[in-house]
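K.L.:
Show me the folded form of this:
(one chain, ligands or ions: 1)
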Amino acid sequence: MLREPEPRDRTAFIELLASPEVHAYLGGPGPRDEIEREMPEMPERWPGSFVVDLDGAMIGQILLRRATGHSRPAAAGKADLGYMFLPRAWGLGYGVEACTAALGWLEDTLPGEPVVLTTQSANAGSMRLAAKLGFTEVERFEAWGAEQWLGIRSPATPSR
Ligand SMILES: CC(C)(COP(=O)(O)OP(=O)(O)OC[C@H]1O[C@@H](n2cnc3c(N)ncnc32)[C@H](O)[C@@H]1OP(=O)(O)O)[C@@H](O)C(=O)NCCC(=O)NCCS
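P.N.:
Here you go, the predicted structure:
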């Protein structure tokens, strides 16, 4: 289930942000004590920020945001998809299921909106997920000390 973040998700958010496995292709995790100190009791809520809930507990996060500050012209200003799941939930199909639902929400909210996604090309799980969601390559570029993959997903054009 996709839902808004709630105060009871605090521990899962800390786990997600402090996990070395989750951040293996995201520049490494931040220091746990700092994350714990700075994590608000009441999480910020805005349209496009989803908690992925499995049987009443948070297993991941999906973010759909405007890529206003994106360094690549092809992505600047477009809707941008990001996703992170706790390792215990990996490889079970939740990534595809939850991201498909979030993209469906965007299509209902802003019909016809293209979506971009940036991931390290070495991140095999994320690359596979992007392909399964229908993202296709725009370009590869070097940033943050690694090769990055920029993909785009255009909404299906109605068949005539
Ligand atoms: C990337 C991530 C979101 C994938 O989520 P997931 O729930 O494991 O994805 P799914 O189970 O829906 O799998 C999607 C596809 O990717 C494949 N896959 C998942 N992890 C994989 C891995 N490590 N290596 C190769 N393929 C992988 C699955 O087999 C599946 O493909 P298939 O149906 O052809 O077999 C998850 O691993 C994660 O949160 N990683 C850490 C955060 C991160 O790197 N986010 C991306 C930031 S840009």
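
K.L.:
Pretty sure residue 34 sits in a strand.
P.N.:
No - counting by DSSP: H, G, I helix; E, B strand; the rest coil, residue 34 is not part of a strand but helix.

K.L.:
measure it to residue 14 for me?
P.N.:
11 Å (Cβ to Cβ, to the nearest Å). (C-beta placed from N, C-alpha, C; glycine too.)

K.L.:
Identify, by residue count, the longest strand of this protein.
P.N.:
Using DSSP state E, we find that the single longest strand of the chain is strand 57-66.

K.L.:
can you pull the buried residues of that strand?
P.N.:
By 16 or more other Cβ atoms under 10 Å, the buried positions in strand 57-66 come out as 58-62, 64.

K.L.:
coming back round to it: and residue 34 and residue 14? Which one has more around it.
P.N.:
Remark: of residue 34 and residue 14, residue 14 carries more neighbours, 15 against 11, as counted by other Cβ atoms under 10 Å.

K.L.:
returning to what we had before: just the buried residues of strand 57-66 now: which is nearest the ligand?
P.N.:
Closest to the ligand out of the buried residues of strand 57-66 is residue 60 (6.3 Å), distances taken as Cβ to the nearest ligand atom.

K.L.:
what bits of the chain have low per-residue confidence?
P.N.:
157-160 (pLDDT under 70).

K.L.:
of all the residues in it, which ones are close to the ligand?
P.N.:
Neighbours of the ligand within the chain, by Cβ under 6 Å from any ligand atom: 22, 25-26, 83-85, 90-96, 119, 123-126, 128-129, 132.
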